[in-house]
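K.L.:
compute the structure for the input listed below.
(one chain, ligands or ions: 1)
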Amino acid sequence: MIVDGTGQARDMNADVVVIGGGIVGCAAAWYLAKRNVDVVLVEKGDIADEQSSRAWGFVRQQARDPAEMPLMIACNRIWQQLEDELDADIQWVQAGNLALAADEARMQQFRDWLPVAREFNLETRLLSRSEILSLVPKMTGPYIGGMYTPSDGHAEPRLATVAFADAARRKGARILTYHAAEKIETTAGQVSAVVTDRGVVRTPIVINAAGARAMTIARMVGLSLPQLVVRATVAETTPMEPVTGAGVWGPGVSFRQKKDGSFYIAGGAQSDYDITLDSLRYIREFMPNYLKNRRFFRMRVGAPLWHDIARRIPGTEDNKHPFARTVGIEPTPNAGTVLRSLKGLNRLIPATSELRIRRSWAGLIDTTPDAIPVIGPVDAPQGFIFATGFSGHGFAMGPIVGKVLAELIVDGAPSIDLHDLAYSRFAEGRVGKPKSVV
Ligand SMILES: Cc1cc2nc3c(=O)[nH]c(=O)nc-3n(C[C@H](O)[C@H](O)[C@H](O)COP(=O)(O)OP(=O)(O)OC[C@H]3O[C@@H](n4cnc5c(N)ncnc54)[C@H](O)[C@@H]3O)c2cc1C
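P.N.:
As a prediction, this is how the structure comes out:
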């Protein structure tokens, strides 16, 4: 883990400031530094303190919203050579992504997604139960078939994120950990500085890669970002002999077996939702998605709401330093989800019945009303760029997002069209229903 030794950010200048040391911010820092841009990354905690160390690690093209496909197809090619590119072990395994169907209705959803795969020349195919059994003989539990994409893979999120930060630093990027961005200054409609709790970095360009805190960063320049936060739980089991290298989305459990034989398991789309002031603010935008998926969410009222209220009261410490309480926190995992996930794994693969839970954790996921990210510049202020709202599947996309942001800044335009993911879609009414299938 990186602990940066360069000290204070006081009186710095930079071509670009990246706010957020998750995979998206670190990848942006790497690709910018590679293009000889003078980049400073500010991270309020340590590198990969939030989502990017808590993700399962699935890197899938399969079952995505068509709007994400051009980015994700290009990103898969990056992942295949990323260990060489970054000169680091990130535990990359390319053994496919396999989504299982418990019934015909689910199988039909997979069938309906196949035209998307064909449009992007992806080798996704439907598999019968017997074909799946020949791929994963120990997976004898209840399912009727599935959808498989051999070129998908998985990697270790924290290792990948730290590898990007290390590589960026070797190329000259300044990575300032334990520096929280608290204010963004503008001059004549143009970004001019990022004020952190430890000093000022003057810059004409800011990338908001602050993940679950990106709404607060957006408010610093007067922008309203319809993004809410859900809490998802993951657990790691004790190890066993290899069962499958594929990432599996089964009924009741999603899992991947790591190189050391242990499994990361999670309860599929199940997550907890802690109500905050933004829940009320964006209720209209999120209601259609909530109504469609309400069986997956458990609502809670607790500390996140009280902290949010405290942050909005002028003059309080929480208001002056809105991120102070968010550093180094451990969101509470849902013990029931851990138990259900383990039972789901045991049901699907009876040979796992002896496995025990080694550890569990939770992470706060940034979600948008259409469950696709917000990437690209805004009309005003100039120089403010979004890279957030990845809605639970941004680890896989992090590398390409960093790359296209570098292209946007250095070349003036990204090599992949970002129109469908633009912030302007909210004002222009271009917000559809979520179209991903897992
Ligand atoms: C449990 C779980 C499972 C997941 N599984 C997968 C998966 O299998 N595959 C997949 O593709 N995705 C997955 N995701 C989603 C994925 O982790 C995220 O989409 C991705 O990590 C987002 O990266 P990021 O860099 O945008 O955000 P983050 O990793 O959250 O990074 C944002 C950073 O910004 C910092 N920050 C915030 N505010 C400030 C500030 N004011 N000043 C300075 N720094 C600040 C934070 O400390 C944080 O480190 C999962 C997420 C969770 C929680």
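K.L.:
quick one: mean pLDDT for the lengthiest helix in the chain?
P.N.:
Across the chain, the helix with the greatest residue count (assigned by DSSP state H) is helix 104-119. Per-region confidence: helix 104-119 scores 98 on mean pLDDT.
K.L.:
which residues touch that helix?
P.N.:
For helix 104-119, contacts defined as CB atoms under 8 Å, 6 or more residues apart in numbering pick out 62-64, 66, 69, 99, 101, 122-124, 126, 144-147, 149, 251, 437. C-beta coordinates here come from the backbone N, C-alpha and C atoms, glycine included.
K.L.:
tell me the gap between it and the middle of its chain.
P.N.:
24 Å (CA atoms, centre = their mean, to the nearest Å).
K.L.:
with stretch 272-284 instead?
P.N.:
With CA atoms, centre = their mean, you get 20 Å for stretch 272-284.
K.L.:
with stretch 213-226 instead?
P.N.:
Taking CA atoms, centre = their mean, one finds the center of stretch 213-226 at 18 Å from the center of the full chain.
K.L.:
list the buried residues in it.
P.N.:
213-218, 220-221, 223, 225-226 (16 or more other CB atoms under 10 Å).
K.L.:
list the buried residues in the longest helix of the chain.
P.N.:
Buried residues in helix 104-119 (16+ other CB under 10 Å): 106-107, 110, 113, 116-117.
K.L.:
the ligand next: which of those are close?
P.N.:
Among the buried residues of helix 104-119, not one lies near the ligand by CB under 6 Å from any ligand atom.
K.L.:
which among those residues gets closest to Val200?
P.N.:
Nearest to Val200 out of the buried residues of helix 104-119 is Val116 (CB to CB; 45.7 Å).
K.L.:
distance of the closest one from Met69?
P.N.:
7 Å (CB to CB, to the nearest Å).
K.L.:
and Ala371, by the same measure?
P.N.:
14 Å.
K.L.:
neighbour-wise, which of those two wins?
P.N.:
A count of neighbours by other CB atoms under 10 Å puts Ala371 above the other of Ala371 and Met69, at 22 against 16.
K.L.:
how is that one assigned, secondary-structure-wise?
P.N.:
coil (DSSP: H, G, I helix; E, B strand; the rest coil).
K.L.:
in terms of helices and strands, where is Ala33?
P.N.:
helix 23-34 (DSSP states H and E).
K.L.:
put the alpha carbons of that helix into PDB.
P.N.:
The C-alpha trace of helix 23-34 is given here as PDB (Å, rounded to 0.1, in the frame of the first residue of the first chain):
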ATOM      1  CA  ILE A  23      -9.100   2.700  -9.900                       C
ATOM      2  CA  VAL A  24     -10.600   5.400 -12.100                       C
ATOM      3  CA  GLY A  25      -8.500   8.200 -10.600                       C
ATOM      4  CA  CYS A  26      -5.300   6.200 -10.500                       C
ATOM      5  CA  ALA A  27      -5.800   5.000 -14.100                       C
ATOM      6  CA  ALA A  28      -6.400   8.600 -15.200                       C
ATOM      7  CA  ALA A  29      -3.200   9.700 -13.400                       C
ATOM      8  CA  TRP A  30      -1.200   6.900 -15.100                       C
ATOM      9  CA  TYR A  31      -2.500   7.600 -18.600                       C
ATOM     10  CA  LEU A  32      -2.000  11.400 -18.100                       C
ATOM     11  CA  ALA A  33       1.500  11.000 -16.800                       C
ATOM     12  CA  LYS A  34       2.300   8.700 -19.700                       C
END
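K.L.:
that helix packs against which elements?
P.N.:
On a contact count with 3 or more CB pairs under 8 Å, 6 or more residues apart in numbering; DSSP states H and E, helix 23-34 meets strand 16-19, strand 39-43, helix 51-54, helix 157-170, strand 384-388, helix 398-411.
K.L.:
adding distance to the ligand and mean neighbour count, write these out as CSV.
P.N.:
Converted to CSV, these look like this (distance: least, CB to the nearest ligand atom, whole Å; neighbours: other CB atoms under 10 Å):
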stretch, distance to the ligand, mean neighbour count
strand 16-19, 5, 30
strand 39-43, 5, 29
helix 51-54, 3, 24
helix 157-170, 6, 24
strand 384-388, 6, 27
helix 398-411, 6, 24
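K.L.:
adding mean pLDDT and distance to Ile349, write those out as CSV.
P.N.:
Output for these, formatted as CSV (pLDDT from 0 to 100; distance: least, CB to CB, whole Å):
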stretch, mean pLDDT, distance to Ile349
strand 16-19, 98, 41
strand 39-43, 98, 38
helix 51-54, 97, 24
helix 157-170, 98, 23
strand 384-388, 98, 36
helix 398-411, 98, 30
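K.L.:
dump these to TSV, plus distance to Gly432.
P.N.:
TSV is the format used below for those (distance: least, CB to CB, whole Å):
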stretch	distance to Gly432
strand 16-19	28
strand 39-43	33
helix 51-54	24
helix 157-170	28
strand 384-388	18
helix 398-411	21
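K.L.:
among those, which is nearest Ile313?
P.N.:
With CB to CB as the yardstick, what comes closest out of the helices and strands packed on helix 23-34 is strand 16-19 (23.6 Å).
K.L.:
who does that closest one touch, helix- and strand-wise?
P.N.:
Counting by 3+ CB pairs under 8 Å, 6+ apart, strand 16-19 packs on helix 23-34, strand 39-43, strand 206-208.
K.L.:
what do Val116 and Met69 both touch?
P.N.:
Leu122.
K.L.:
can you tell me the element Gln436 falls in?
P.N.:
Just so we're on the same page, residue 436 is Ser rather than Gln. Going by DSSP H and E, Ser436 is not in any helix or strand.
K.L.:
nearest residue to it in space, please, no chain neighbours.
P.N.:
Asp65 (4.8 Å; CB to CB, 6 or more residues apart in numbering).
K.L.:
quick check: which ranges of the stretch 151-300 of the chain have low pLDDT?
P.N.:
268-270 (pLDDT under 70).
K.L.:
ok, now how distant is whichever residue of it sits closest to the ligand from Ala387?
P.N.:
Nearest residue of the stretch 151-300 of the chain to the ligand (CB to the nearest ligand atom) works out as Gly211 at 2.6 Å. Going from Gly211 to Ala387 by CB to CB gives 9 Å.
K.L.:
overlap in contacts, these two.
P.N.:
Val24.
K.L.:
wait, Ala67 touches Asp420, no?
P.N.:
Yes. Between Ala67 and Asp420 there is a contact under CB atoms under 8 Å: 3.9 Å.
K.L.:
those two: who's more crowded?
P.N.:
Ala67 (20 against 16).
K.L.:
residue numbers of the stretch 301-438 of the chain in contact with the ligand?
P.N.:
Checking the stretch 301-438 of the chain against the ligand by CB under 6 Å from any ligand atom, the hits are 323, 363, 365, 388, 390, 392-396, 398.
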